[in-house]
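Student: Let me see the structure of the following:
(2 chains)
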There are 2 protein chains.
Amino acid sequence: MSKVLVFGHKNPDTDTITSSLVYAYLKQQQGVDAEAVRLGEPNNETAFALEKFGFDAPRLVETVANEASEVILVDHNEFQQSAADIKEVTVTEVIDHHRIANFETANPLYYRAEPVGCTATILNKIFKEHDIEIPAKYAGLMLSAIVSDTLLLKSPTCTDQDVKAAKELAEKAGVNLEEYGLAMLKAGADLSDKSLEDLLSLDAKEFAMGANKVVIAQVNAVDVNDVLGRQSELEALLNKEIADKGLDLFFFVVTDILNNDSVAVPAGAQSAKSAEAFGVALENNRIVLKDVVSRKKQIVPALTDALK
Amino acid sequence: MSKVLVFGHKNPDTDTITSSLVYAYLKQQQGVDAEAVRLGEPNNETAFALEKFGFDAPRLVETVANEASEVILVDHNEFQQSAADIKEVTVTEVIDHHRIANFETANPLYYRAEPVGCTATILNKIFKEHDIEIPAKYAGLMLSAIVSDTLLLKSPTCTDQDVKAAKELAEKAGVNLEEYGLAMLKAGADLSDKSLEDLLSLDAKEFAMGANKVVIAQVNAVDVNDVLGRQSELEALLNKEIADKGLDLFFFVVTDILNNDSVAVPAGAQSAKSAEAFGVALENNRIVLKDVVSRKKQIVPALTDALK
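Tutor: Numbering: from 1, shown residues only, chains lettered A, B, ... in the order given. Predicted coordinates:
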């Protein structure tokens, strides 16, 4: 059997990196020659989780068709978030928890999406369905993904299923959920070694909304002023991205992981509309997003609706 | 909780009708106010199965947004095969076994597709995952769907999982798989009460292939000459459809359910290319398709490839 590559989205986060490792492990147990790869650099939070549970990051690839004809996508489906040459390979499986858009196949496939907070929560079920034991270190990765995607079970995307899975996995991994979770989030919110350029791409995703090309980037912080203190410099960089990539909106979000609020700095022709989307005014070119932490459940739907 | 409609594709076949009834039943057991509806007339085969197991056909609807804001799709996902106003409602779940195309959502959903021969085979798993018992008469519907979609387990789309599910379900339903299966297929292949117009729409599906608008219709027959004996009349009707709907290809397939071969009659500008797609010559405006019975696995991929 030829090799199958397993990977998550560009600008990878903890769920994307760990789910590729975990699902490749599961497929290997089923006799598939699966290899996890990644489409970008792991962030500080992911590096913390990988080190904690004794993993190296998956191998970096830029294209996939040169080494495999079949691929499995985890934690994403939209082609613009995937490998540059995704249309040249056959997607045989998708395990995801996002909306479906800009995705199509020529043939039937295994597609498993559930409206839960994290891909790892779905993987936890799939292990049970196949009666395959999750080794402690893989349970640690899956726990890390749930903590990351749900901001330690506090995001509105978090479901009862995520809470249940997180508790199970923490026990399997032999760590204290709260203590380990907060340490991991803080490692991710440590922005001291990051330039503003880094922050723009760290967790940026592109979306088509109506006729608009939109990028939404999100960074977690313990103190949002670490980033917003450099707003004029940030705006210059955002405007450069707008010009370089022909964007209609760059929506840059800083999320306070202790208080679970966010502040957005928009750039581009649709900036004013992006504030209207949340029913608030643009002040000092900032949008205060009270109780907003989820790109998927709170930001994307509001912007999609305003820009359609 | 407001009502959720569950339905399959237009020009419904046995899997589409029975899966809507079966999945609505499962959702009802979970406390959801689900109702199965249909987008067209049941064919003779489906009517045979419904009568055998004591069901009425689901209620016919033309549009859905006027009575529900949330819907569940079974046995299809491509919007052009769905309700006319599908874009006006929220698709909360899809249970399917086809390729994914022309489908998108604004929000995360439950999407369960597996590359098996029949939606009922996936439903059989979902019942087990939720530990819900399948009543005998629903098992009978599910068996009917598998027999229909796999031509009594002989189609190349049939997997080991379909065979296993069919045997389980036949036992639960208290019928002999072979005997009941053949009787049902013969009921479906009885075309004596059908006009040629009926045959064109009975099991027709529309596809976008490259820039081409393609309809593929398939009818089962015990003797293909029952249909092909009226070829000139048939061609006139096909050409009328081409003109009326602006099609580039109407690919009309008659499948011999006893020998598991098919003959196609193509119409439209892409007729010659449709023969090339199968590496055979167009003779007497017929394409002999040896060992071809599956639209999904044999006809759609070959035509998609030739017309892209």
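
Student: Which helix or which strand is home to A:Lys172?
Tutor: Assigning secondary structure by DSSP states H and E places A:Lys172 in helix A:160-173.

Student: What is that helix packed up against?
Tutor: helix A:119-129, helix A:136-150, helix A:177-189 (3 or more Cβ pairs under 8 Å, 6 or more residues apart in numbering or on different chains; DSSP states H and E). (Each C-beta comes from the backbone N, C-alpha and C, glycine too.)

Student: Please spell out which residues along it are buried.
Tutor: A:Gln161, A:Asp162, A:Val163, A:Ala165, A:Ala166, A:Glu168, A:Leu169, A:Ala170, A:Lys172, A:Ala173 (16 or more other Cβ atoms under 10 Å in any protein chain shown).

Student: then that helix to PDB, C-alphas only?
Tutor: Extracted as PDB, the C-alpha positions of helix A:160-173 are listed here (Å, rounded to 0.1, in the frame of the first residue of the first chain):
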ATOM      1  CA  ASP A 160     -20.400  18.600  26.800                       C
ATOM      2  CA  GLN A 161     -18.600  16.100  24.600                       C
ATOM      3  CA  ASP A 162     -15.400  18.100  24.700                       C
ATOM      4  CA  VAL A 163     -15.600  18.400  28.500                       C
ATOM      5  CA  LYS A 164     -16.100  14.700  28.800                       C
ATOM      6  CA  ALA A 165     -13.300  13.800  26.400                       C
ATOM      7  CA  ALA A 166     -10.900  16.300  28.100                       C
ATOM      8  CA  LYS A 167     -11.500  14.700  31.500                       C
ATOM      9  CA  GLU A 168     -11.000  11.200  30.200                       C
ATOM     10  CA  LEU A 169      -7.900  12.100  28.300                       C
ATOM     11  CA  ALA A 170      -6.300  14.000  31.200                       C
ATOM     12  CA  GLU A 171      -6.700  10.900  33.300                       C
ATOM     13  CA  LYS A 172      -5.200   8.700  30.600                       C
ATOM     14  CA  ALA A 173      -2.300  11.100  30.100                       C
END
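
Student: Pull the residues that contact that helix.
Tutor: Helix A:160-173 is contacted from outside by A:53, A:114, A:116-118, A:120-121, A:124, A:134, A:136-137, A:139-140, A:142-143, A:146-147, A:149-150, A:153, A:176-177, A:180, using Cβ atoms under 8 Å, 6 or more residues apart in numbering or on different chains.

Student: Sketch out the low-pLDDT regions of the stretch 1-150 of chain A for me.
Tutor: Across the stretch 1-150 of chain A, the ranges flagged by pLDDT under 70 are A:1.

Student: Get me the contact residues on it for chain B.
Tutor: Within the stretch 1-150 of chain A, the positions adjacent to chain B are A:97-115, A:129 by Cβ under 8 Å from any Cβ of the partner chain.

Student: Would you write out the ChimeraX command that picks the buried residues out of these?
Tutor: The ChimeraX selection below is limited to those of the residues of the stretch 1-150 of chain A next to chain B classed as buried (16+ other Cβ under 10 Å):
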select /A:97,98,99,100,101,103,104,105,106,107,108,109,110,111,112,113,114,115
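
Student: which ones among the residues of the stretch 1-150 of chain A next to chain B are found in helices?
Tutor: A:Glu129 (DSSP state H).

Student: The residues of the stretch 1-150 of chain A next to chain B in strands, which ones?
Tutor: A:Tyr110, A:Tyr111, A:Arg112, A:Ala113 (DSSP state E).

Student: can you list those residues in JSON lines and add distance to B:Lys308?
Tutor: Written out in JSON lines, the entries for these read as follows (distance: Cβ to Cβ, whole Å):
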{"residue": "A:Tyr110", "distance to B:Lys308": "24"}
{"residue": "A:Tyr111", "distance to B:Lys308": "22"}
{"residue": "A:Arg112", "distance to B:Lys308": "27"}
{"residue": "A:Ala113", "distance to B:Lys308": "27"}
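
Student: Now, of the contacts of helix A:160-173, which are buried?
Tutor: For these, a burial check counting by 16+ other Cβ under 10 Å picks out A:53, A:114, A:116-118, A:120-121, A:124, A:134, A:137, A:139-140, A:142-143, A:146-147, A:149-150, A:153, A:177, A:180.

Student: for chain B, what are the nearby residues on the stretch 151-300 of chain A?
Tutor: Counting by Cβ under 8 Å from any Cβ, the residues of the stretch 151-300 of chain A lying close to chain B are A:Lys296, A:Lys297, A:Val300.

Student: which of those residues lies closest to chain B?
Tutor: Looking at those and their distance to chain B, the nearest is A:Lys296, at 6.8 Å (Cβ to the nearest Cβ).

Student: Next one: the closest one, what pLDDT does it get?
Tutor: A:Lys296 is assigned a pLDDT of 87 by the prediction.

Student: can you pull the contacts of it?
Tutor: With contact taken as Cβ under 8 Å, 6+ apart, A:Lys296 is in contact with A:His98, A:Arg99, A:Thr157, B:Pro108.

Student: Repeat the analysis, applying 10 Å as the threshold.
Tutor: A:97-99, A:115, A:117, A:149, A:155-157, A:205, A:216, B:107-108 (Cβ atoms under 10 Å, 6 or more residues apart in numbering or on different chains).

Student: and of those, the nearest to A:Leu191?
Tutor: A:Ile216 (18.1 Å; Cβ to Cβ).

Student: Nearest to A:Phe278, out of the helices and strands packed on helix A:160-173?
Tutor: helix A:136-150 (21.4 Å).

Student: could you check the angle helix A:177-189 makes with the closest one?
Tutor: 70 degrees (axes from the mean of the first three to the mean of the last three Cα atoms, to 10 degrees).

Student: now the strands: where do they sit in the stretch 151-300 of chain A?
Tutor: Listed from the start of the chain, the stretch 151-300 of chain A has strands (DSSP state E, counting those that start in this stretch) covering A:204-209, A:212-221, A:249-256, A:261-267, A:287-289.

Student: The fourth one to strand A:249-256, inter-axis angle?
Tutor: Translated: strand A:261-267. Between strand A:261-267 and strand A:249-256, the angle formed by their directions is 160 degrees, by the same axes, to 10 degrees.

Student: what about strand A:261-267, average pLDDT?
Tutor: 96.

Student: With the last one instead?
Tutor: Confidence over strand A:287-289, taken as the mean pLDDT, stands at 96.

Student: Next: the second one.
Tutor: In this model, strand A:212-221 carries a mean pLDDT of 95.

Student: Quick check: neighbours of it in the sheet, parallel or antiparallel?
Tutor: strand A:204-209 (antiparallel), strand A:249-256 (parallel) (DSSP bridges).

Student: and the longest one, what's its mean pLDDT?
Tutor: Meaning strand A:249-256. The average pLDDT within strand A:249-256 is 96.

Student: Going by neighbour count, list what's buried in that strand.
Tutor: The neighbour-count criterion (16+ other Cβ under 10 Å) identifies A:Leu249, A:Phe250, A:Phe251, A:Phe252, A:Val253, A:Val254, A:Thr255, A:Asp256 as the buried residues of strand A:249-256.

Student: So which of the strands of the stretch 151-300 of chain A is nearest B:Ser232?
Tutor: The nearest among the strands of the stretch 151-300 of chain A, by Cβ to Cβ, is strand A:204-209 at 47.8 Å.

Student: Contacts for that closest one, please.
Tutor: Here strand A:204-209 has contacts from A:9-11, A:13, A:76, A:78, A:80-81, A:98-99, A:101-102, A:213-219, A:241, A:245, A:247-252, A:270, A:295-296, A:299-300, A:303-308, B:104, B:106, using Cβ under 10 Å, 6+ apart.

Student: buried subset of these?
Tutor: Buried by 16+ other Cβ under 10 Å: A:9-11, A:13, A:76, A:78, A:80-81, A:98-99, A:101, A:213-219, A:241, A:247-252, A:270, A:295-296, A:299-300, A:303-304, A:306-307, B:104, B:106, out of the contacts of strand A:204-209.
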